[in-house]
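Asker: Fold the following, please.
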Amino acid sequence: MIEERQHKSTLDDRPAGKRIGLIALATDHTVEADFRRLVARDDIAVHVTRVSYANPTTPENLLAMQPHLTAAASLILPDEALDAIVYGCTSASVIIGEPEIAKAIEAGKPGVPVVTPAGAAVAALRVLQANRIAILTPYVRRTAEPMHAFFTAQGFQVDRLACLGMEDDRDMARLPHAEIVRLAIETVTPETQALFIACTALRAAECVAEIERRTGLPVVTSNLAAAWASLRLCGVGADPHSNARLLALAGTPDLPA
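Answerer: The predicted structure is shown next:
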């Protein structure tokens, strides 16, 4: 017997109190897992969509994502509000440009704060009061060089920019934790005040505690910075028990335009 009943009880306004949208690259293995670990909880839901992307990681291929961002953003809970939307690509954030990314996402998801890993990293480094930084990237040189220019334009002195010459973000995701730690330690200089590890594909967020312990410096990664900004936009404050110095600090993200 099939019985149909008319549901008349009151519905919750939202299944979760806060909602973060995440636009991940089609080929990315890491950013979604990091957001599940760092951001998602009972009162914060992370809703993920993918944007078309083809390797190798060159400026030309990164720029080719821009026309697809509006459609990708529009697929995240259509006609429902989000507390923030994150574009999960650091190098494209720099090469396409923060204003252009915000404009493209706004067209698909109006009225939602936009977070990029590059912009969130700038905000995080300022909260950490670091002016002299070192940057570790997995990219080839011509993809990494705009990163140096971006942070210099934001007022940072870049002591060292290290690039590993990798072209495929699927390979970047396979870089072992121990190798990330070793490379990070080799990248900092005696004058460095903080280290930024660029690329949402790298599993670097999981290495932050060990790198901070070994270097004595605060460490910001692409996914850690974007997660931190997302948590603050959801009203989540500092976690004094966090093993990442950034998450343990009070402060709110002042995201660059």
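Asker: Quick check on the closest residue in space to Gln154 that isn't next to it in sequence: phi, psi?
Answerer: Nearest residue to Gln154, sequence neighbours excluded (CB to CB, 6 or more residues apart in numbering): Val122, at 5.0 Å. Heads up, the C-betas are built off the backbone N, CA and C, glycines and all. According to degrees, to the nearest 10, the main-chain angles of Val122 amount to phi -60, psi -50.
Asker: Same check on the one 4 residues further on?
Answerer: Summarising the backbone geometry of Arg126 under the convention degrees, to the nearest 10, its torsions are phi -70, psi -40.
Asker: That one and Arg5, how far apart?
Answerer: According to CB to CB, to the nearest Å, Arg126 and Arg5 sit 56 Å apart.
Asker: Who has more neighbours out of those two?
Answerer: Arg126 (17 against 5; other CB atoms under 10 Å).
Asker: Can you report how many residues neighbour the closest residue to that one other than its chain neighbours?
Answerer: Excluding its sequence neighbours, the residue lying closest to Arg126 (CB to CB, 6+ apart) is Asp254, at 6.7 Å. Neighbours of Asp254 under the rule other CB under 10 Å: 11.
Asker: surely Asp254 meets Ala124?
Answerer: No. Taking contacts as CB atoms under 8 Å, Asp254 lies outside contact range of Ala124: 10.1 Å.
Asker: ok, what's across the strand from the nearest residue to Tyr53 once chain neighbours are set aside?
Answerer: Closest residue in space to Tyr53, ignoring its immediate chain neighbours: Leu25 at 4.3 Å, by CB to CB, 6+ apart. Under DSSP bridges, the beta-bridge partners of Leu25 are Val51.
Asker: give me every residue that touches Leu25.
Answerer: Contact partners of Leu25, counting by CB atoms under 8 Å, 6 or more residues apart in numbering, are Val31, Arg50, Val51, Tyr53, Met65, Gly88, Cys89, Asp169, Thr200, Ala201.
Asker: can you pull out the helices in the chain?
Answerer: 31-38, 59-63, 69-74, 90-96, 98-108, 117-127, 141-153, 169-172, 177-187, 208-215, 222-233, 245-248 (DSSP state H).
Asker: Give me the domain ranges for this structure.
Answerer: Taking automatic domain parsing as the reference, the chain has its domains at 18-117+226-248, 119-221.
Asker: closest one to Leu11 among those?
Answerer: Leu11 lies closest to domain 18-117+226-248 among the domains of the chain, at 13.3 Å (CB to CB).
Asker: pLDDT averaged over that closest one, what's the number?
Answerer: Average pLDDT, domain 18-117+226-248: 96.
Asker: Span of that domain from start to end?
Answerer: 21 Å (CA to CA, to the nearest Å).
Asker: Then stretch 87-100?
Answerer: 12 Å.
Asker: and that stretch, how far from the chain's centre?
Answerer: 10 Å (CA atoms, centre = their mean, to the nearest Å).
Asker: Stretch 24-38 too?
Answerer: With CA atoms, centre = their mean, you get 9 Å for stretch 24-38.
Asker: list the buried ones in that stretch?
Answerer: Neighbour-count burial for stretch 24-38 flags Ala24, Leu25, Thr27, Asp28, His29, Thr30, Val31, Glu32, Ala33, Asp34, Phe35, Leu38 (criterion: 16 or more other CB atoms under 10 Å).
Asker: go on, stretch 58-76?
Answerer: Result for stretch 58-76 [16+ other CB under 10 Å]: buried residues 58-59, 61-62, 65-66, 68-69, 72-76.
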